[in-house]
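Colleague: What follows is a predicted protein model with its sequence.
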Amino acid sequence: MVGKKLKIGWFSFTCSEDSTMVFIELMNEHLDEWRRLIEFRHARVLKKDNHLNDIDVAFVEGAITNEKDADMLRQIRQNSRKLIAIGSCAVSGMPAAQRNSFDPEMNGEIQFLIKRFKQSDKVRAIKEVVKVDGDVPGCPMEEAVFLSTLHDCMKEFGVVDA
């Protein structure tokens, strides 16, 4: 299907954003190919003019640490045909969710920060908030798994031949 592009969004929540950096590095290697096959609907790391509608695949990095982010994640899910968790924080919540296992004393010591920054009591993996259709593990994400997942999405959405 000549001219059809995979419409993607790249989103990052609480994490080190190392998978985003890997994604940008992969663009150095694949930009010529991807320019013909991908339409970046939303990628704040790449462009100013972003759209949160008509997304084929949303790639979501990071854990959810507050209700504002949970609401944004729900919007992303609503506006995407498929959602892929990217990296350990998105997939399992860890290591961003390490405060979930703090003992009562340590938890008490951080409560002023939780309140000040309007954080949720618990840090959540994205699958605890919305339906996830797939994941790319690793911290940072495993490049080969991401490339395979991206190619599978291109086949699924008719951008490349199956």
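Modeller: Thanks, I have the structure now. Keep in mind the model is a prediction, meaning the values are calculated, not measured.
Colleague: How far does stretch 153-162 sit from its chain's centre?
Modeller: Relative to the centre of its chain, stretch 153-162 is centred 21 Å away, using CA atoms, centre = their mean, to the nearest Å.
Colleague: swap that for stretch 5-23, please
Modeller: For stretch 5-23 - counting by CA atoms, centre = their mean - the centre lies 5 Å from the chain centre.
Colleague: likewise stretch 73-81?
Modeller: The chain centroid and the centroid of stretch 73-81 are separated by 11 Å under CA atoms, centre = their mean.
Colleague: what pLDDT, on average, does that stretch get?
Modeller: Mean per-residue pLDDT for stretch 73-81: 98.
Colleague: same thing with stretch 23-43?
Modeller: Mean pLDDT, stretch 23-43: 95.
Colleague: now swap in stretch 113-132 and tell me
Modeller: Mean predicted confidence for stretch 113-132 is 96.
Colleague: which ones are touching the residue nearest in space to the middle of the chain?
Modeller: Most central in the chain under CA atoms, centre = their mean is V60, positioned 1.0 Å from the mean C-alpha point. The contact partners of V60, by CB atoms under 8 Å, 6 or more residues apart in numbering, come to 11-13, 73, 76, 83-86, 90, 126. (C-beta placed from N, C-alpha, C; glycine too.)
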